[in-house]
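In: Predicted model and sequence follow; I will ask about them next.
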There are 2 protein chains.
Amino acid sequence: MEPADKYHINLLGDAEQALRLTRLKELMRQAGIRQGLVRNNANIYYLTGRVFRGYVYVNTELDSPRYFVRQPNHLISPDHSLLHRIRKPEEIPGLLAQGGIDTSAPIALELDAVNYAEACRLAAAFGQTPEQNLSGALRQSRAVKTERELQMVRESGIKQTLVYERIPHLFREGMTDLEFQIEIERALRLEGCLGQFRVGGSDMEIFMGNILTGENGDTPSPYDFAMGGEGQDPSLPVGANGTVIRPDKPVMVDMNGNFNGYMTDMTRMYVSGTPTEAADKANRLSADICAALAAMMAPGVKAADLYNKALAMATEAGMAEYFMGHRSHAGFVGHGVGIEINESPVLAPRSRDVLQAGNVIAVEPKFVIPGVGAVGIENTYIVHDHAGAEAATKAPETITRLD
Amino acid sequence: MEPADKYHINLLGDAEQALRLTRLKELMRQAGIRQGLVRNNANIYYLTGRVFRGYVYVNTELDSPRYFVRQPNHLISPDHSLLHRIRKPEEIPGLLAQGGIDTSAPIALELDAVNYAEACRLAAAFGQTPEQNLSGALRQSRAVKTERELQMVRESGIKQTLVYERIPHLFREGMTDLEFQIEIERALRLEGCLGQFRVGGSDMEIFMGNILTGENGDTPSPYDFAMGGEGQDPSLPVGANGTVIRPDKPVMVDMNGNFNGYMTDMTRMYVSGTPTEAADKANRLSADICAALAAMMAPGVKAADLYNKALAMATEAGMAEYFMGHRSHAGFVGHGVGIEINESPVLAPRSRDVLQAGNVIAVEPKFVIPGVGAVGIENTYIVHDHAGAEAATKAPETITRLD
């Protein structure tokens, strides 16, 4: 099956899907899981290359998954022996049994993603209560990208970089952070950005990204992003708040890099006047930390060691007080990125993640300095099988002058 | 406490919060719930007027809620006798006990919103397993808006209407649906739109709205919105897909009306040439159905009867085949709207909802006609204590010519 058939339930093609399934099933076996039912959109997209309303059933004893599609959808061809149209999930176990599949083992569910009521309903369909959590195996599987996934990350990085290089031309004197952001949103969208930031976890919310200037950089946010900001409204308290961009205050731009379902995460600094020495120093330190961490990245390296290296460099430069925030501090310096903006591994002091080739990691050593604001860059790196990661985000790392 | 104090945990002010809590507690009592713990962002915003990282504890025997804030946040004053800073939810029951509160009753949780693993963790903090579902009471409480909430809906409606009236000037010949949408997104954002569509349910995803023209209107989407569309990418299969806007094909515009945390939902039709008779007829029928349903809306009216009235009018006009879709049909003609785009009541054939004064209901009788595309309007109505609802969305209802 070639991926060219847009009506096939599996848009990935058999070979690509097999790469992902082989990995997932091995992780399921390690977790003692025999069968699992996937219904989260991000995970369905990972396993099929499309989002549909329904379920993907994975059994470690079977080569192929089974698909259960809940909605008539003429974009998906029904002519597939492994696909069943269903009206409700209670039909699934009977259909599996008709196919000769033993469903007596515990049915693992995405217990970190599916709400309590639905998890109970799905398990009850199998005559069970929720017991095994499939979320961990999916998270670990997705953390190691295939070559196809890496290509999609690179493609997003190229487009995001193109737009970032246009940013200086989008500025007009007297603009607020919000007005500036809106022009960048438009430029991203015209380049093909989907707009959507997929975030894991029900308490994470953001629109198209975060632009911070001046005092607003020191305003904490309830969301678990690296930086905060008051936002436009108490209903979405993060990011730009209408601050006028002043010539002596740099602007941190951290906008959406989702051009194809796989995201890159990039932050760059801009200034309409001349950067102050303090801003310039912090930005150079951030770029140096990125470079140092990228050089260290290799299979077997501990995520916590990368965090500690970043903190040590900040401390040595006398900037520990401002590292990852000032009035409040984020607890990490980097995070996996892919289908969602917050994947594994996490570069945090107590992270137990260990790097593997195929990880895609956004590194964002940022500083919030009173009187200066938020300063720092962010790059998305691809971990290879040797030391030295590849940057997918390539805009110039110095503070760029706004036209 | 006046809402003017932006550092107070409760941005609503005591009187407004009491209106909402009185209602919620009455619904909790009716459901046999004595105490509940709220952690979903939309519900926290409903109860406090802000989003924060933490929990709101509501007990039917207590006048005031208790607040548990998980993150240091200098936007929230700690100087409040009912507020506790915590590091983890396991601290909550002990702090409540110290305050003389009996926590032995089942602790109700938002089991439709909180993931399985977290629900179990929260219940375990109380020495329990999840038993009572708080989601229903919150959903019913939020379905009846206070006067303050209605004012916020009206405010969003005024701003959304202003932008919709500018839409004809944003069109340029030869534009694709996506290019047109991007200019509307920018106009909305410049008017103060927050961009974010809050949607309940983990499987609902959309960016800033939906624009459909031509054949794309007949493409089903996996999401439970009234209309579909192929979208830009298989990772987000809904809405505009790059179709060039032709003079003989009308364009359906259904874009984000969230200007303050409370949304209005409005759809209007545009055409760059002259509308065909088929499009014009369908659009007039849609407007007539809206008017008929608005006239019927009053406390005590069954939501299912409103759906049936809409279907009867479509059938009488010989348009039943195209009602709410053609190749696939949405199962509702309207839905509650407020903090989230999919609230109660739902205007569907098997809905058991009964209208109440203070409901805010988006009505969207839409048709998908082969060769014409998606046609129809949508208004957001406020239900009063007498028959005849108030429209919060007031752009002209005819098919508007694009400049």
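Out: Arrived safely. Please read these numbers as outputs of a predicted model, since none were measured by experiment.

In: For the residue in the stretch 251-400 of chain A positioned nearest to chain B, give its distance to A:Lys249.
Out: Of all residues in the stretch 251-400 of chain A, A:Gly261 sits closest to chain B, at 3.0 Å by C-beta to the nearest C-beta. Heads up, the C-betas are built off the backbone N, CA and C, glycines and all. Relative to A:Lys249, A:Gly261 is positioned 35 Å away (C-beta to C-beta, to the nearest Å).

In: do stretch A:208-218 and chain B meet at all?
Out: Yes - using C-beta under 8 Å from any C-beta of the partner chain, stretch A:208-218 reaches chain B at A:Met208.

In: Please state the offset of that stretch from the chain centre?
Out: 20 Å (C-alpha atoms, centre = their mean, to the nearest Å).

In: which residues touch that stretch?
Out: A:177-178, A:180-181, A:184-185, A:188, A:195, A:197, A:225, A:227-230, A:238-241, A:243, A:245-246, A:249-256, A:325-327, A:368, A:370, A:373-374, B:195 (C-beta atoms under 8 Å, 6 or more residues apart in numbering or on different chains).

In: Mind checking which of those residues land in helices?
Out: The helices, defined by DSSP state H, take in A:177-178, A:180-181, A:184-185, A:188 from the contacts of stretch A:208-218.

In: Could I get those residues in JSON lines, plus columns for distance to A:Pro106 and neighbour count?
Out: Conversion of the ones in helices among the contacts of stretch A:208-218 to JSON lines gives the following (distance: C-beta to C-beta, whole Å; neighbours: other C-beta atoms under 10 Å in any protein chain shown):
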{"residue": "A:Asp177", "distance to A:Pro106": "50", "neighbour count": "25"}
{"residue": "A:Leu178", "distance to A:Pro106": "50", "neighbour count": "18"}
{"residue": "A:Phe180", "distance to A:Pro106": "52", "neighbour count": "23"}
{"residue": "A:Gln181", "distance to A:Pro106": "47", "neighbour count": "26"}
{"residue": "A:Ile184", "distance to A:Pro106": "48", "neighbour count": "22"}
{"residue": "A:Glu185", "distance to A:Pro106": "45", "neighbour count": "25"}
{"residue": "A:Leu188", "distance to A:Pro106": "44", "neighbour count": "27"}
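
In: So which of the residues you listed is the closest to B:Glu364?
Out: For those, the closest approach to B:Glu364 (C-beta to C-beta) belongs to A:Glu185, at 26.4 Å.

In: For the closest residue to that closest one other than its chain neighbours, grab the count of nearby residues.
Out: Excluding its sequence neighbours, the residue lying closest to A:Glu185 (C-beta to C-beta, 6 or more residues apart in numbering or on different chains) is A:Met208, at 5.0 Å. Other residues near A:Met208 come to 25 when the count uses other C-beta atoms under 10 Å in any protein chain shown.

In: which phi and psi does A:Met208 have?
Out: The phi and psi values for A:Met208, taken as degrees, to the nearest 10, are phi -100, psi 10.

In: That one and A:Ile184: what is the separation?
Out: Applying C-beta to C-beta to A:Met208 and A:Ile184 gives a distance of 8 Å.

In: Mind pulling the model confidence for A:Glu343?
Out: Reading off the confidence values, A:Glu343 has pLDDT 97.

In: Please look at it and A:Gly334 and confirm they touch.
Out: No - counting by C-beta atoms under 8 Å, no contact exists between A:Glu343 and A:Gly334, whose distance comes to 11.1 Å.

In: Of the two, which one has the most company?
Out: The residue with more neighbours, out of A:Glu343 and A:Gly334, is A:Gly334; 29 against 23, by other C-beta under 10 Å.

In: what are the bridge partners for the more buried one, then?
Out: Assessed by DSSP bridges, A:Gly334 has beta-bridge partners A:Leu347, A:Val363.

In: so it touches A:Val360, yeah?
Out: No - the pair A:Gly334 / A:Val360 is not scored as a contact, 10.7 Å apart, by C-beta under 8 Å.

In: pLDDT value on the closest residue to chain B within the stretch 101-250 of chain A, please?
Out: For the stretch 101-250 of chain A, the residue closest to chain B is A:Ser235, as judged by C-beta to the nearest C-beta, at 3.0 Å. Looking at A:Ser235, its pLDDT stands at 96.

In: tell me, how many neighbours does the closest residue to it other than its chain neighbours end up with?
Out: Distances taken as C-beta to C-beta, 6+ apart put B:Gly261 closest to A:Ser235, at 3.0 Å, once the chain neighbours are dropped. Other residues within reach of B:Gly261, judged by other C-beta under 10 Å, total 24.

In: Go ahead and report the secondary structure state at B:Gly261.
Out: coil (DSSP: H, G, I helix; E, B strand; the rest coil).

In: What pLDDT does the model give it?
Out: On pLDDT, B:Gly261 comes in at 98.

In: and it, what does it touch?
Out: Per C-beta under 8 Å, 6+ apart, neighbours of B:Gly261: A:233-236, B:45, B:152, B:194, B:339.

In: Format those residues as a markdown table; extra columns: neighbour count and distance to A:Ala124.
Out: As requested, the contacts of B:Gly261 are exported to a markdown table (neighbours: other C-beta atoms under 10 Å in any protein chain shown; distance: C-beta to C-beta, whole Å):
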| residue | neighbour count | distance to A:Ala124 |
| --- | --- | --- |
| A:Asp233 | 17 | 40 |
| A:Pro234 | 18 | 39 |
| A:Ser235 | 24 | 36 |
| A:Leu236 | 22 | 36 |
| B:Tyr45 | 23 | 32 |
| B:Met152 | 20 | 40 |
| B:Leu194 | 21 | 38 |
| B:Ile339 | 21 | 30 |
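
In: Among the residues you listed, which pair sits farthest apart?
Out: Every pair of these checked by C-beta to C-beta; the farthest is A:Leu236 and B:Met152, at 13.9 Å.

In: contacts for the helix or strand bottoming out on mean pLDDT in chain A?
Out: Using mean pLDDT, DSSP states H and E, the weakest-scoring helix or strand in chain A turns out to be strand A:83-85, at a mean of 93. Outside of strand A:83-85, the residues within contact range by C-beta under 8 Å, 6+ apart are A:9, A:66-70, A:72, A:76, A:78, A:91-92, A:95.

In: From those, keep the buried residues only.
Out: A:9, A:66-70, A:76, A:92, A:95 (16 or more other C-beta atoms under 10 Å in any protein chain shown).

In: Let me have those in a markdown table, adding secondary structure and distance to chain B as columns.
Out: Shown next, in a markdown table, are the buried ones among the contacts of strand A:83-85 (DSSP: H, G, I helix; E, B strand; the rest coil; distance: C-beta to the nearest C-beta, whole Å):
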| residue | secondary structure | distance to chain B |
| --- | --- | --- |
| A:Ile9 | coil | 11 |
| A:Arg66 | strand | 18 |
| A:Tyr67 | strand | 13 |
| A:Phe68 | strand | 13 |
| A:Val69 | strand | 9 |
| A:Arg70 | coil | 8 |
| A:Ile76 | coil | 9 |
| A:Ile92 | helix | 16 |
| A:Leu95 | helix | 20 |
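
In: residues from the stretch 151-300 of chain A in reach of chain B?
Out: Checking the stretch 151-300 of chain A against chain B by C-beta under 8 Å from any C-beta, the hits are A:178-179, A:182-183, A:185-186, A:189-190, A:192, A:194-196, A:198, A:202-203, A:205, A:207-208, A:219-220, A:222-224, A:230, A:232-237, A:260-261.
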